[in-house]
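J.: A structural model of the following input is requested.
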Amino acid sequence: MKNKLIILYSLLAVFSCSCEDLLDRQPISEYSASSLFTGEKDAIAALNGCYEYIEDGTWVHYIDCGSDNAFDPYPWEGYMELGNMLLLTPTNPGNGKWYFGAVTRCNWFLENIDKAPIYDNLKKRMKAEARFIRAYQYFQKSQLYGDVPLMTKPITTEEANTITRNPKAQVVQFVLDELTEIIADLPKSYEGNDVGRITEGSAWALKARVELFNEKYEDAAASCQKVMDLNVYSLFPSYQDLFRIQNEYNSEIILDRAYLENTVPLWSLGIMSPHIGRNGWYSVDPTQSLVDAYETINGKTIDDPTNSLYDPEDPYKNRDSRLEATILVPGAFYEGQYFNPMEEFPGNEDYWASYNYTGYCIKKYTAFLSDFTDIWNSGLNIPLIRYAEVLLTYAEAKIELDQIDNSVYSAIDAVRLRAGLPAVDQAFYSGQSQMRDLIRRERRVELAMEGLRFYDIQRWRIGEEVMSVPVYGSRLCTVDPSNGKVTFTSTEHVKNEDRVFNPAKNYVWPIPQREIDINPNLGQNPNY
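T.: Residues are numbered from 1 along each chain as shown. Model (predicted):
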């Protein structure tokens, strides 16, 4: 396995930040920059401190609970309110992203890197990496909160307590300008210990995502084409295996969040895993809505009346292979036994009554728990941008431009064929409306449990359609332990909760009230 990008936690004392403190009000510029930028190794260590905050793999796993893809049965974890917006308020803002630790680190790094006695090309590259991480953070925050404070240099405590929010359009333009400017200073690829760092392809791919999410479709298609023209990336042959630890840094990974067992461990595999025999938490439960989105192997949806391959009494048979790779369903053979969700808490049936599980678990990152010595202390990297997303972004941008040509079908077909599905039926999927339905379904099933579904709901403005409905799980069933045969004992699906989504406010999240109490200049998003 190639070496990982190791985050040096010895620097955390220097880069101290509080998730409850809006802008890290103790200016870290007061620390001795001269002692941290005396050579190349120190400068790289400081930059690695920025990488640590590029994204939290645990958040990636949890955040689909803020969409119609998943349900968190435990209210104390802070994700239930991100899915049921009736619960989401300024005083109860959920486990969101209103903290600026990464921005503060990157600004401090960029303010001081010129003091390091290292050659110019390396310095340019390192600046580009820090600017990318800062741009990634600002893209995410502008999507979730709309207007946010745009800080491009370290600020004082006084400035932090009086700063205002910049318009979203200004923040988005800043992100796009930053990504455009840094591309020339980033390499196509790395070798040895540098594998996993930010590349030219990372910048083009993030730029394409930002452009797509902000309806800059022509630019998004062009940025995707730049990624494809690099000839660096390709789809990994096996959808299931591309998420395994032995296949990290494979040909499909454009950007990921690195972890290292015992040193920088990922603990969130345990939150997704089944309980019985594995001591998982069962925290992120896929919904019936997501399960139903997967086609059957003939390329038809399950609600197609002509689809003879779908049997509601054997609903997991003949399905898109990504369903089995992504979701642990009743009767699936897993870790030496057939999965029976109704027996997850033997002798304590009150768990089901109290927390109302869906009967499904995430399998995407935990298809083989034997890959890990300890699921609470793993070194599994979490993909943040994959080449499959680039292909689907290209296709969607062209569809929105109503430029549906062979390149669009080829991009979608590459993703579908890898999953064992037939190529797109061009006779049926021909016009913009049909193709829009197709690409939106493909994004959902291909990128399920990778932290992007809420953004898609937001930009497609379908929240009132998919988020103002009850959440359902599996039908109650029994599972034969000898062969996995599922027998449904009810025609009704488990009902997990009634959700509410108000389109007048819930397409962005509220600014935490605790931050407004400190700095009233921040204001609040409309209708909160």
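
J.: I'd assumed K123 was in contact with D114.
T.: Yes. D114 lies in contact with K123 (Cβ atoms under 8 Å); the separation is 7.2 Å. Glycine gets a C-beta too; all of them are placed from N, C-alpha and C.

J.: Tell me the strands beside the longest strand seen in the chain, with direction?
T.: Secondary structure of the chain per DSSP state E: the longest strand is strand 486-497. Sheet pairing of strand 486-497 (DSSP bridges) gives strand 471-479 (antiparallel).

J.: Buried residues in the partner strand, which are they?
T.: V471, Y472, G473, S474, R475, L476, C477, V479 (16 or more other Cβ atoms under 10 Å).

J.: ok, the second one - contacts?
T.: Right, Y472. Y472 sits next to T287, Q288, S289, T358, H493, V494, K495, N496 when contact means Cβ atoms under 8 Å, 6 or more residues apart in numbering.

J.: What about the second one, how many residues nearby?
T.: Spelled out, it's Q288. For Q288, the number of neighbouring residues by other Cβ atoms under 10 Å comes to 22.

J.: now it: how far from A258?
T.: Separation of Q288 from A258 (Cβ to Cβ, to the nearest Å): 34 Å.

J.: contacting residues around the most centrally placed residue in the chain?
T.: When Cα atoms, centre = their mean is applied to the chain, the residue found nearest the centroid is G451 (2.4 Å). Taking Cβ under 8 Å, 6+ apart, we find G451 in contact with W59, V60, H61, I63, D64.

J.: distance of the closest residue to T152 other than its chain neighbours from T38?
T.: In this structure, T152 finds its nearest non-sequential neighbour in N107, 6.6 Å apart by Cβ to Cβ, 6 or more residues apart in numbering. In this structure, N107 and T38 are 21 Å apart, going by Cβ to Cβ.

J.: higher neighbour count, the two?
T.: When neighbours are counted by other Cβ under 10 Å, N107 and T38 differ, and N107 comes out ahead with 22 against 13.

J.: May I see the domains of this structure written out as residue ranges?
T.: 9-185, 284-373+467-497 (automatic domain parsing).

J.: burial of G39, as a residue count?
T.: 12.

J.: Same check on S234?
T.: Applying other Cβ under 10 Å, we find 12 residues neighbouring S234.

J.: that older thread, of the contacts of G451, the lowest pLDDT goes to which?
T.: Checking pLDDT across those, the minimum falls on H61 at 92.

J.: pLDDT below threshold where in the protein?
T.: Within the chain, the stretches with pLDDT under 70 are 1-35, 276-278, 346-353.

J.: start to end distance for stretch 326-339?
T.: 14 Å (Cα to Cα, to the nearest Å).

J.: hmm, I was thinking of stretch 89-107
T.: First-to-last residue span, stretch 89-107, Cα to Cα: 30 Å.

J.: Walking through the protein, point out its strands one by one.
T.: Assigned by DSSP E, the chain shows strands spanning 70-71, 253-257, 285-286, 327-328, 333-334, 337-338, 361-362, 382-386, 471-479, 486-497.

J.: hey, which of the domains of the chain is tucked in deepest?
T.: For these, ranked by mean neighbour count under the definition mean count of other Cβ atoms under 10 Å, the leader is domain 9-185 at a mean of 19.

J.: Specify which member of the buried residues of strand 471-479 is nearest to N527.
T.: Using Cβ to Cβ, V471 is the member of the buried residues of strand 471-479 that sits closest to N527, with 23.4 Å.

J.: That closest one contacts T287, correct?
T.: Yes. Applying Cβ under 8 Å, one finds V471 in contact with T287, separated by 5.6 Å.

J.: list the residues that contact both of the two?
T.: D68, F71, T358, N496.

J.: Columns distance to V408 on top of those residues, output as JSON lines?
T.: Converted to JSON lines, these look like this (distance: Cβ to Cβ, whole Å):
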{"residue": "D68", "distance to V408": "26"}
{"residue": "F71", "distance to V408": "34"}
{"residue": "T358", "distance to V408": "34"}
{"residue": "N496", "distance to V408": "37"}
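
J.: Give the burial count for the nearest residue to S430 once chain neighbours are set aside, as a bare number.
T.: Excluding its sequence neighbours, the residue lying closest to S430 (Cβ to Cβ, 6+ apart) is I404, at 7.5 Å. As a burial measure, I404 scores 18 neighbours (other Cβ under 10 Å).

J.: for the one 3 residues further on, same thing?
T.: Look at S407: counted by other Cβ under 10 Å, it has 15 neighbours.

J.: how near is the residue nearest to Y355 when sequence neighbours are not counted to G359?
T.: Closest residue in space to Y355, ignoring its immediate chain neighbours: P73 at 3.8 Å, by Cβ to Cβ, 6+ apart. As judged by Cβ to Cβ, P73 and G359 stand 11 Å apart.

J.: shared neighbours, these two?
T.: What both P73 and G359 touch, as defined by Cβ under 8 Å, 6+ apart, is the set D285.

J.: hmm, back to that, the residue nearest to Y355 and S283 touch, don't they?
T.: Yes. Using Cβ under 8 Å, P73 is in contact with S283, at 7.3 Å.

J.: Tell me which residues of stretch 253-265 come out buried.
T.: Here stretch 253-265 shows I253, I254, L255, D256, R257, A258, Y259, L260, E261, V264, P265 as buried, counting by 16+ other Cβ under 10 Å.

J.: residues in contact with the third one?
T.: For L255, the contacting residues are I198, S202, A205, L206, P383, L384, I385, taking Cβ under 8 Å, 6+ apart as the criterion.

J.: let's go with 7 Å and repeat that
T.: Contact partners of L255, counting by Cβ atoms under 7 Å, 6 or more residues apart in numbering, are I198, S202, L384, I385.

J.: just checking, the residue nearest to T152 touches P154?
T.: Yes. Contact criterion Cβ atoms under 7 Å: N107 and P154 qualify, at 5.1 Å.

J.: follow-up on the earlier one: turn the contacts of L255 into CSV, columns for distance to L447 and neighbour count.
T.: Shown next, in CSV, are these (distance: Cβ to Cβ, whole Å; neighbours: other Cβ atoms under 10 Å):
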residue, distance to L447, neighbour count
I198, 21, 26
S202, 17, 25
L384, 11, 22
I385, 10, 24
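
J.: nearest to N318, of these?
T.: Proximity of those to N318 (Cβ to Cβ) peaks at I385, which lies at 31.5 Å.

J.: Contacts only, for the residue nearest to T152.
T.: Going by Cβ under 7 Å, 6+ apart, N107 touches M151, T152, K153, P154.

J.: hmm, which two among those residues are most spread apart?
T.: It's T152 and P154 that sit farthest apart of the contacts of N107, by Cβ to Cβ, at 9.6 Å.

J.: where exactly do the helices run in the stretch 101-250 of the chain?
T.: In the stretch 101-250 of the chain, the helices defined using DSSP state H, counting those that start in this stretch lie at 101-112, 120-145, 157-160, 168-182, 200-213, 217-229.

J.: Of those, which is nearest R444?
T.: helix 200-213 (15.0 Å).

J.: Measure how far the closest one is from the centre of its chain, please.
T.: Helix 200-213 sits 15 Å away from the centroid of its parent chain (Cα atoms, centre = their mean, to the nearest Å).

J.: could you pull out the helices for the stretch 351-500 of the chain?
T.: Counting by DSSP H, counting those that start in this stretch, the helices of the stretch 351-500 of the chain are 387-400, 406-418, 432-446, 453-460, 463-466.

J.: V171 versus the residue nearest to A504 when sequence neighbours are not counted, what's the distance?
T.: In space, A504 comes closest to N527 once its chain neighbours are excluded; the distance is 5.2 Å by Cβ to Cβ, 6+ apart. According to Cβ to Cβ, N527 and V171 sit 21 Å apart.

J.: so who does the nearest residue to P167 once chain neighbours are set aside touch?
T.: Leaving aside its chain neighbours, P167 sits nearest to D147 (5.5 Å; criterion: Cβ to Cβ, 6+ apart). Neighbouring residues of D147 by Cβ under 7 Å, 6+ apart: R165, N166, P167, K168.

J.: Thank you, goodbye.
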